[in-house]
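> fold the following.
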Amino acid sequence: MRRFASLLVAGVVVTGCALKGDVRRIENQLTEYREDTARADSARAVMLARLLDDMALLQGLSGRILDSLRAQNRSIFAMQGVFRGELTDIQRQLVAIQELTGQSQVRLGQLRDQIAQRSIGAPTQAAGTGGEGADTRVADAPGPEELFEMGIQQLNRGSPTTARIAFRRVLDDHAESARAADALYWIGESFRAEEPDSAVAAFEAVVERFPNSSRAPMALYKIGLDAERRGDEAAARLAFQRVVAGYPRSDEADLARDKLRQ
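Sure, this is the predicted structure:
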């Protein structure tokens, strides 16, 4: 009996020692866990602080970039305004140059015509063969029909300058003839290929000087065609309207109506 009691007491003592050891191990583990958790929290806090610093830096950079873009946009708008002003000035200068060029072309054409007229426009003289007292006979000057045909022939040969001399002789020497309006009209035709401004001036002169001739509606219609070819729709429309309003029964009026409908 005493032996059993001794064994029981010994077992309790051993068990108590074992429980105390487990408690210490658990406490040690808890302490280590707390330390690990603290270290992990500290590391996360450091990482979070770094992330916040990086975000603040990025926000600062974004702000500076936006400010730079706004400044560049303002500069671009200012430069566009300057360019628009310069382009407007250039366009005005081009218009002035075109006007001067057209005037120069007209003047050059007149000078070429005067030079060529001196070479072929003087009456021919036929010298006699009877010695010192031989008579000199002046050939008869050509009439308007002959001069007009000479101009057409020269034009067909590719000599518009020479053709204009003959046509102007018709206007200068036979202004009242039936060929005067034809001559002025063909002066305009001779200018169409190379000097369109001079052609328009000649066609307008046909309408002004010979409004009742059949060449007047033709001249207006040609003005409209040339403007259409240049892409000047407003000028073309105006010329076609003038044909219809001024010469409603002419063949050119029918053509002009078709153009206006298009």
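
> where in the stretch 1-150 of the chain is pLDDT low?
Within the stretch 1-150 of the chain, the stretches falling below the threshold (pLDDT under 70) are 1-20, 77-89, 91-140.

> can you rerun that using 90?
When residues are selected by pLDDT under 90, those of the stretch 1-150 of the chain lie in 1-142.

> Ala253 contacts Gln241, correct?
No - taking CB atoms under 8 Å as the definition, Ala253 is not a contact partner of Gln241, at 10.3 Å. For the C-beta atoms, the positions are set from N, CA and C on the backbone; glycine is no exception.

> those two - which one has more neighbours?
More crowded of Ala253 and Gln241, by other CB atoms under 10 Å: Ala253, with 19 against 16.

> residues of the helix or strand hosting the more buried one that come out buried?
When secondary structure is defined by DSSP states H and E, Ala253 falls within helix 251-261. Counting neighbours by 16 or more other CB atoms under 10 Å, one finds that the buried residues in helix 251-261 are Glu252, Ala253, Leu255, Ala256, Lys259.

> Gly60: which of the residues you listed is nearest?
Lys259 (67.5 Å; CB to CB).

> what residues are up against the spatially closest residue to that closest one that is not a sequence neighbour?
For Lys259, ignoring the flanking residues on the chain, the nearest one in space by CB to CB, 6 or more residues apart in numbering is Phe240 at 4.9 Å. Neighbour list for Phe240: Tyr221, Gly224, Ala256, Arg257, Lys259, Leu260 [criterion: CB atoms under 8 Å, 6 or more residues apart in numbering].

> was I right about the first one contacting Arg257?
What that stands for is Tyr221. No - the pair Tyr221 and Arg257 fails to qualify as a contact (CB under 8 Å) at a distance of 11.1 Å.

> which one of the buried residues of helix 251-261 is nearest Ile90?
Of all these, the one sitting nearest Ile90 is Lys259; the distance, using CB to CB, is 32.9 Å.

> report the contact partners of the closest one.
Gly224, Glu228, Ala236, Phe240.

> do Ile152 as well
If you count contacts by CB under 8 Å, 6+ apart, Ile152 has them with Ala163, Trp186.

> all strands of this protein, in order?
For the chain, applying DSSP state E gives strands covering 125-127, 136-138.

> and Tyr185, how far from Ala38?
Using CB to CB, to the nearest Å, one obtains 109 Å as the distance from Tyr185 to Ala38.

> before we move on, what about Arg74?
Distance from Arg74 to Ala38, counting by CB to CB: 54 Å.

> returning to what we had before: so which pair among the contacts of Lys259 is furthest apart in space?
Comparing every pair within the contacts of Lys259 by CB to CB identifies Glu228 and Phe240 as the most remote, at 8.6 Å.

> give me the neighbour count for Arg169.
22.

> the one 5 residues further on now?
One way to gauge burial is a neighbour count; for His174, by other CB under 10 Å, it gives 19.

> tell me the pLDDT of it.
With respect to pLDDT, His174 scores 94.

> ditto for the one 10 residues further on
Listed pLDDT for Leu184 reads 96.

> does it touch Phe167 like I think?
Yes - the pair Leu184 / Phe167 is scored as a contact, 7.2 Å apart, by CB under 8 Å.

> these two: who's more crowded?
Phe167 (30 against 25).

> now do the same contact list for that one.
By CB under 8 Å, 6+ apart, the contact list for Phe167 reads Leu147, Phe148, Gly151, Ala183, Leu184, Trp186, Ile187, Ser190.

> hmm, 7 Å instead?
Phe167 makes contacts with Gly151, Ala183, Trp186, Ile187, as judged by CB atoms under 7 Å, 6 or more residues apart in numbering.

> redo these as JSON lines? Include distance to Thr31.
As requested, these are exported to JSON lines (distance: CB to CB, whole Å):
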{"residue": "Gly151", "distance to Thr31": "124"}
{"residue": "Ala183", "distance to Thr31": "125"}
{"residue": "Trp186", "distance to Thr31": "120"}
{"residue": "Ile187", "distance to Thr31": "119"}
